[in-house]
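S.K.: pasting the sequence and the predicted coordinates here, then a few questions.
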Amino acid sequence: MGEKMTGKEFYIDNFKIFQEKLNGESKSFLNEIRKDALKSLSELEFPTNKVEDWKYTNVTPILKQNFVPAVNASVPKITEKEIQSYLFQDFDCHLLVFINGLYSEELSIVGQLPKGAVAGSLRNLTKENPELLSKYLNKISITDNAFNALNTAYALDGLVVVVPDGIIIEKPIQVLYLNTNDKENVLSLPRNLVVAGKNSQVSIVANYRGAGEKIYFSNIITEVFADENSIVDLCKIQNETDDSFHIEKVQAIQKKNSVFNHYNITFGGSITRNDINSRLDGENIETHYYGLYMVNGKQHVDNHTFVDHAKPNCMSNEVYKGILDDSSRGVFNGKIIVRRDAQKTNAYQQNETILLSNKATIDTKPQLEIFADDVKCSHGATVGHLDETSEFYIRSRGVPQELAKSMLIRAFANDVIETVKIDPLKEQINHMIFEHLHRVEIKTE
């Protein structure tokens with residue numbers, strides 16, 4: 001019977017199996033949260049093109065599949081040697097590894113952390129420090145569609161980083177989310193939580209990769225709490241299999257004098273949707289969003305960003321760039337709201353897209369809602385092809401056509417990549433761009 005079900009009925013029916021797998025874990029504080037989310041899942045719908053925010057993204061291919069929640073699925077055997085090929089190298093870091101969204105103690109290497117700091121697994125912390133988790137988990141993420149409800153209903157594992165007041169985590173935290181299975185189509189459901197105390201600093205590299213013969217679906221929620229004078233860097237690089245599906249909602253709340261830098265680099269996936277939201281709930285806050293999406297074939301990537309300026313004297317800066325080839329499609333919807341009390345706001349947003357094919361398309365919608373009168377706000381969007389004059393100039397110096405095009409594309413992406421603070425990571429992202437360009441023939445049209 002379960003195999004014949006599709007959509008949310010399948011996941012509601014499989015929830016019983018999920019709970020049986022939990023054994024004693026079903027008695028944790030998370031269980032009430034799960035039950036509420038299951039109720040929401042039964043009441044809410046998966047978004048369709050009739051919903052304005054999903055107008056250009058059709059999720060039907062995701063809903064046609066019945067993905068097995070990872071805890072219910074077979075466990076793939078991954079060796080430390082296999083893991084190495086997916087990691088970003090050449091910088092000292094703490095390493096946490098999640099296979100299909102579930103933490104792997106054996107493959108993770110977390111060094112000595114300052115007293116009180118946590119870099120670990122939601123599942124472990126639910127047992128070890130439920131009081132800490134219950135203070136923050138599910139406090140700011142709003143369940144507004146069935147994807148969100150599905151993540152919360154099956155919430156079991158994910159990254160938890162907690163940095164106490166006055167503490168700086170010197171080394172970056174690299175988190176490998178590897179999705180792989182050769183037997184089943186797996187549903188990976190990381191539930192991530194980042195808490196930065198007053199005057200603290202932390203840098204996280206979220207590395208999403210895919211392998212295996214089966215398709216998979218990553219449905220993620222990440223909550224970020226940035227307290228007064230804290231600095232949080234969250235750099236997400238998604239380089240997954242061409243037939244995978246990926247949806248993430250990031251919800252951040254910032255207090256006065258805090259800085260949140262979010263980097264969003266997308267290379268792979270059949271359908272990718274990112275919702276990145278920040279509420280600036282204090283004065284003198286900085287929020288920076290940097291995004292690069294580089295897709296080809298029939299890939300579809302949809303980035304929705306939302307910055308909520310709730311208090312005065314804050315600054316937000318947003319730069320998103322797209323490089324689209326073949327019949328790929330991009331969507332960018334960036335919204336900034338400046339509330340009545342948010343005087344002296346400085347908000348900037350820019351989305352630029354290069355189309356390498358006449359069949360590639362982009363739908364871009366920058367939005368500004370301003371209810372204060374003493375602000376500096378600007379937004380813009382440009383769509384075009386490679387600059388023929390610049391290409392001609394480079395080729396006149398004896399550079400072959402394909403290399404000239406590659407140089408122009410990498411220069412276009414550079415505004416985003418140069419903002420990455422970890423130099424070896426920056427170099428490896430540049431190498432990924434180069435590999436991507438030369439894996440796909442750049443056509444002259």
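M.R.: Looks like it came in fine.
S.K.: who's in contact with the closest residue to His385 other than its chain neighbours?
M.R.: Spatial nearest neighbour of His385, excluding adjacent residues (C-beta to C-beta, 6 or more residues apart in numbering): Leu355 at 5.8 Å. Bear in mind the C-beta positions are built from the backbone N, C-alpha and C, glycine included. Shown in contact with Leu355 (C-beta atoms under 8 Å, 6 or more residues apart in numbering): 324, 361-362, 383-385.
S.K.: can you lay out the residues you listed as TSV showing distance to Tyr290 and pLDDT?
M.R.: Listed next are these as TSV, based on distance: C-beta to C-beta, whole Å; pLDDT from 0 to 100:
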residue	distance to Tyr290	pLDDT
Leu324	18	96
Thr361	23	98
Ile362	18	98
Val383	19	95
Gly384	20	94
His385	23	91
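S.K.: what segments of this protein are helices?
M.R.: Applying DSSP state H to the chain gives helices spanning 7-22, 30-43, 60-63, 80-84, 122-128, 130-136, 146-153, 388-395, 401-417, 423-439.
S.K.: helix 401-417 and the last one, what's the angle between them?
M.R.: Right, the one you point to is helix 423-439. 150 degrees (axes from the mean of the first three to the mean of the last three C-alpha atoms, to 10 degrees).
S.K.: okay, helix 423-439 in PDB with CA atoms only?
M.R.: Taking Å, rounded to 0.1, in the frame of the first residue of the first chain, the C-alpha atoms of helix 423-439 are listed here in PDB:
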ATOM      1  CA  ASP A 423      42.300  31.500   0.300                       C
ATOM      2  CA  PRO A 424      42.700  27.700  -0.400                       C
ATOM      3  CA  LEU A 425      38.900  27.400  -0.600                       C
ATOM      4  CA  LYS A 426      38.700  30.300  -3.000                       C
ATOM      5  CA  GLU A 427      41.300  28.600  -5.200                       C
ATOM      6  CA  GLN A 428      39.400  25.300  -5.200                       C
ATOM      7  CA  ILE A 429      36.100  27.000  -6.100                       C
ATOM      8  CA  ASN A 430      37.900  28.800  -9.000                       C
ATOM      9  CA  HIS A 431      39.200  25.300 -10.100                       C
ATOM     10  CA  MET A 432      35.600  24.000 -10.000                       C
ATOM     11  CA  ILE A 433      34.500  26.900 -12.200                       C
ATOM     12  CA  PHE A 434      37.300  26.000 -14.600                       C
ATOM     13  CA  GLU A 435      36.400  22.300 -14.600                       C
ATOM     14  CA  HIS A 436      32.700  23.200 -15.100                       C
ATOM     15  CA  LEU A 437      33.500  25.400 -18.100                       C
ATOM     16  CA  HIS A 438      35.600  22.800 -19.800                       C
ATOM     17  CA  ARG A 439      33.300  19.900 -19.100                       C
END
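S.K.: which positions in it come out as buried?
M.R.: For helix 423-439, a neighbour-count test (16 or more other C-beta atoms under 10 Å) marks 425-426, 428-430, 432-433, 436-437 as buried.
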